[in-house]
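1. I'd like to go over a predicted model; first the sequence, then the structure.
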Amino acid sequence: MPLITSAKNGLTIRLTEERWQHITAGHPELLNLQSETLQAIENPDKILEGNNGELLAVKLLGDNKYLVTIYKEAEEDGFVITAYLTKRINSLNKRKEVWSRSH
């Protein structure tokens, strides 16, 4: 059964078990951060535009470390594509900002 969260616009976003296995296989440091991965979508610090219509939900975790959850929105709902941790906020800030907590 997929885990569910809500995007800022109220759309339901799914995280399937298959997708979570895929994410943690490539990013084992996220193994204990499943709820934080979903929280990044529900309560992000900012949302950035991806290159192919996807959105990047960015959440500061502390120690200058950011959790980025990438997801796609469709008409009925959406789904998580991947997630990763980064300290390279400058490269993320080059993307178009769709939403920000500070606005």
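-> Nice, I can see it.
2. quick one: the strands in this structure?
-> Along the chain, counting by DSSP state E, strands occupy 3-6, 12-15, 46-49, 55-62, 65-73, 78-86, 97-100.
3. off-centre distance for the fifth one?
-> In this view, strand 65-73 has its centroid 2 Å away from the chain centroid, taken as C-alpha atoms, centre = their mean, to the nearest Å.
4. same check on stretch 12-22?
-> 12 Å.
5. what sits up against it?
-> 1-7, 34, 37-38, 41, 71, 73, 77-82 (C-beta atoms under 8 Å, 6 or more residues apart in numbering). In short, each C-beta sits where N, CA and C put it, glycine included.
6. between the two ends of it, what distance do you get?
-> Using C-alpha to C-alpha, to the nearest Å, the end-to-end distance of stretch 12-22 comes to 21 Å.
7. now do the buried residues in it.
-> Using 16 or more other C-beta atoms under 10 Å as the test for burial, stretch 12-22 gives 13-15, 19-20.
8. got it, and stretch 82-99?
-> When burial is assessed from 16+ other C-beta under 10 Å, stretch 82-99 yields the following buried residues: 82-83, 98.
9. tell me how far W20 lies from E97.
-> Computed with C-beta to C-beta, to the nearest Å, the distance linking W20 and E97 is 27 Å.
10. next: L48.
-> 6 Å.
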